[in-house]
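Chemist: Kindly return the folded structure for what I paste below:
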Amino acid sequence: MITILKTLLLGIVEGITEWLPVSSTGHLILVNSFLPMDMSHQFMEMFDVVIQLGAILAVVVIYFNKLWPFHTKAHAPEKPVFKNPATDASGKSFQNFVTKYIYADRIVLWCKIFVSVIPAIVIGLPLDDWLDAHLYNATVVSIMLIIYGVLFIIVEIYNAKRNPKVNHISHITWKHALLVGIFQCLAMIPGTSRSGATIIGGILIGLSRPVAAEYTFYLAIPTMFGASLLKLLKFGFSFSGQEIAILLLGSVTAFIVSMITIKFFMQFIRKHDFKPFGVYRIALGALVLILSVAGLVHA
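Modeler: Below is the predicted model of the structure:
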């Protein structure tokens, strides 16, 4: 019963913190420090990443109509989607197929999303084991919570005097996509926040806050799916019945809570900035540091 309650708590924490700029990985590490599960360390490392699949599914469900790249012939546009019509038979056939069945702008969006993933693949894969061994602890989390809490406040003060250049997701350029991907790499250090790093990065390069947040949610799909697959491959696919049950319960909980959190967050950032999250991060980071020094939480 205790294991079930702890799993539910971890799923709730993941579902809330994955989409808020407060670091989901950091919060999961902290919860595990205060309320350790009676499972192996290797399993918990994998669990903290894989339950993100439930959170990913929430993004897919909420934004399905904006992301699914195919449509039926009945929904085909009246005009061709290509500016320069093909002159050869094979080119005409391809363009007609695309016009009849594919949202070309969504295919382009997915290509930009995968450009954003490239920096994480290039930098993250070689460093994954080192990061797990050296940085996944409460002390690192607390320090990064404080550092980025301060940065959030500074960036918001700076950004208050600027007007965004990009106010629609379709106006994100290939350069924007690559830069957001580079900012996402900062979140490899636990306590940073993937959503926080990419949204703040997006704001700094000219994206409006809602556009930066929405694009961050889209980017989470391949990024978090890839991270989860990597952890599963390292752990192996031999699970006990209890481990499967814990993974499913955590993922389902994360999905349900994420559905609520994403809708709340998108409404919140249309009227507010990130300063409250910055203050929260600083306060939580300071508290954890104090507890670590006092020996009340595993450093």
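Chemist: How much space separates residue 127 from residue 183?
Modeler: 17 Å (Cβ to Cβ, to the nearest Å). To be clear about C-beta, it is placed using only N, CA and C from the backbone, and glycine gets the same treatment.
Chemist: the more surrounded of the two?
Modeler: Per other Cβ atoms under 10 Å, whichever of residue 127 and residue 183 has more neighbours is residue 183, with 22 against 13.
Chemist: which SSE is the most centrally placed residue in the chain in?
Modeler: Geometric centre of the chain, nearest residue: residue 220, 3.8 Å, by Cα atoms, centre = their mean. Element membership for residue 220 (DSSP states H and E) is helix 209-235.
Chemist: so what secondary structure elements neighbour that helix?
Modeler: Secondary-structure packing of helix 209-235 (3 or more Cβ pairs under 8 Å, 6 or more residues apart in numbering; DSSP states H and E): helix 41-50, helix 52-62, helix 104-134, helix 174-184, helix 194-204, helix 241-269.
Chemist: Remind me what the shortest one packs against, helices and strands.
Modeler: Contact here means 3+ Cβ pairs under 8 Å, 6+ apart; on that basis helix 41-50 packs against helix 2-17, helix 24-34, helix 209-235, helix 241-269.
Chemist: With respect to residue 140, which of the ones you listed lies nearest?
Modeler: helix 24-34 (8.6 Å; Cβ to Cβ).
Chemist: Could you list the buried residues of the closest one?
Modeler: Buried positions in helix 24-34, judged by neighbour count with 16 or more other Cβ atoms under 10 Å: 24-33.
Chemist: on that earlier part again, got JSON lines for the helices and strands packed on helix 209-235, with distance to residue 92 and mean pLDDT too?
Modeler: Converted to JSON lines, these look like this (distance: least, Cβ to Cβ, whole Å; pLDDT from 0 to 100):
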{"stretch": "helix 41-50", "distance to residue 92": "46", "mean pLDDT": "81"}
{"stretch": "helix 52-62", "distance to residue 92": "34", "mean pLDDT": "92"}
{"stretch": "helix 104-134", "distance to residue 92": "16", "mean pLDDT": "89"}
{"stretch": "helix 174-184", "distance to residue 92": "27", "mean pLDDT": "96"}
{"stretch": "helix 194-204", "distance to residue 92": "39", "mean pLDDT": "91"}
{"stretch": "helix 241-269", "distance to residue 92": "41", "mean pLDDT": "92"}
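Chemist: Of those helices, give the one that comes closest to residue 144.
Modeler: helix 194-204 (10.3 Å).
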